[in-house]
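In: Next input, structure requested:
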Amino acid sequence: MRYIYPELSGKNVLITGASGDIGLAICENYLNQGAQVYAIYHHDSSRLENLKSSHTEGNALHLISCDISDNNAVGEMIRKLEQHTHAIHVLINNAGIYKDNIFSAMSYEEFDRVIQVNLYGTFNVTRQLLPLLRHARGASVVNISSVSGVTSSFGQTNYSAAKAGIIGFTRTLANEMASKGIRVNAVAPGMIESRMVKKVPRQTVRTVLSAIPLKRLGQADEIANVVAFLSSDASSYIVGQTLVADGGLVMR
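Out: You can find the predicted model right below:
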């Protein structure tokens with residue numbers, strides 16, 4: 001189902017982690033809104049290229065390669081972005097990776113890399129994009145956290161730490177930015193039907209599914225709808241919140 005927010009038409013939206021399932025759904029949603037979409041990816045752009053060629057508003061999708069864990073690379077990406085626009089109205093910090101392992105066996109690299117991409121990446125992009133957000137006058141930032149940052153998640157001390165950090169980052173940044181006209185919120189998705197979840201052991205998926213009151217996994221489109229809502233005028237009085245979209249999992 002499409003939820004259209006007319007005020008998003010013509011706005012400039014930057015989305016990190018755009019080539020994943022949730023990222024693609026977010027890109028498509030903003031194209032449906034009539035926005036100019038700057039899709040940041042790191043490795044494979046094939047799915048974004050398919051979206052660009054197949055969507056009726058595909059010309060509004062601009063693909064940009066960047067390793068957001070590299071602060072210098074982010075700076076170079078934003079310098080190139082400034083050649084196209086002087087304002088970003090919506091920033092979606094969606095990029096994230098996982099390297100699951102039980103804590104006793106987790107390596108420094110497994111912990112560090114997840115923190116670098118998920119948490120430092122969010123900081124790097126937001127910090128360097130701040131001038132363009134300020135130029136937008138009434139910008140919105142939506143950070144993608146996870147239920148793993150809200151409750152325990154076996155084998156994910158690194159991922160849980162990063163996603164919990166994003167929730168704290170969101171709350172404090174919102175407090176600092178609200179008076180400057182920039183709203184900051186977060187979304188914490190539960191288990192979403194995606195390529196990432198297909199790599200999770202089936203027994204783990206069945207265990208989680210049995211604990212979800214709705215008795216199904218979420219869809220990437222459902223997360224994209226929440227993100228669009230939080231960047232629209234419909235949520236104009238929502239600041240510093242983390243909206244959990246998990247089918248009721250953490251409620252239990």
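In: chain center to the helix or strand bottoming out on mean pLDDT in the chain: distance?
Out: The weakest-scoring helix or strand in the chain, judged by mean pLDDT, DSSP states H and E, is helix 195-198 (a mean of 78). What separates the centre of helix 195-198 from the centre of its chain is 16 Å, taken as Cα atoms, centre = their mean, to the nearest Å.
In: Also stretch 94-110?
Out: 19 Å.
In: Now do it: everything it contacts.
Out: Stretch 94-110 is contacted from outside by 15-18, 20, 22-23, 26, 40, 42, 68, 113-114, 117-118, 121-122, 144, 146, 154-159, 162-163, 196, using Cβ atoms under 8 Å, 6 or more residues apart in numbering. To be clear about C-beta, it is placed using only N, CA and C from the backbone, and glycine gets the same treatment.
In: Please work out the average pLDDT along that stretch.
Out: Averaging pLDDT along stretch 94-110 gives 95.
In: now do the same end-to-end measure for it.
Out: Stretch 94-110 has an end-to-end distance of 20 Å (Cα to Cα, to the nearest Å).
In: Buried residues, that stretch. List them.
Out: Residues 94-100, 106, 110 are the ones in stretch 94-110 that count as buried (16 or more other Cβ atoms under 10 Å).
In: Turn the residues you listed into JSON lines, including secondary structure.
Out: As requested, the buried residues of stretch 94-110 are arranged in JSON lines below (DSSP: H, G, I helix; E, B strand; the rest coil):
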{"residue": "94", "secondary structure": "coil"}
{"residue": "95", "secondary structure": "coil"}
{"residue": "96", "secondary structure": "coil"}
{"residue": "97", "secondary structure": "coil"}
{"residue": "98", "secondary structure": "coil"}
{"residue": "99", "secondary structure": "coil"}
{"residue": "100", "secondary structure": "coil"}
{"residue": "106", "secondary structure": "coil"}
{"residue": "110", "secondary structure": "helix"}
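In: which pair in the residues you listed spans the largest distance?
Out: Greatest spatial distance in the buried residues of stretch 94-110: 94 and 106, 24.2 Å, computed using Cβ to Cβ.
In: Give me the next element, helix or strand, following whichever strand or helix holds residue 172.
Out: Taking DSSP states H and E as the definition, residue 172 sits inside helix 157-177. Of the helices and strands lying after helix 157-177 in sequence (DSSP H and E), the nearest is strand 183-189.
In: quick one: strands adjacent to that next one?
Out: Here strand 183-189 is paired, per DSSP bridges, with strand 140-144 (parallel), strand 242-245 (parallel).
In: Please work out the average pLDDT along that strand.
Out: For strand 183-189, the per-residue pLDDT values average out at 98.
In: Could you check how far the residue in the chain sticking out farthest from the centre is from residue 157?
Out: Residue farthest from the centre of the chain, counting by Cα atoms, centre = their mean, is residue 104 at 29.3 Å. As judged by Cβ to Cβ, to the nearest Å, residue 104 and residue 157 stand 10 Å apart.
In: Who are the contact partners of residue 137?
Out: Residue 137 neighbours (Cβ under 8 Å, 6+ apart): 87, 181.
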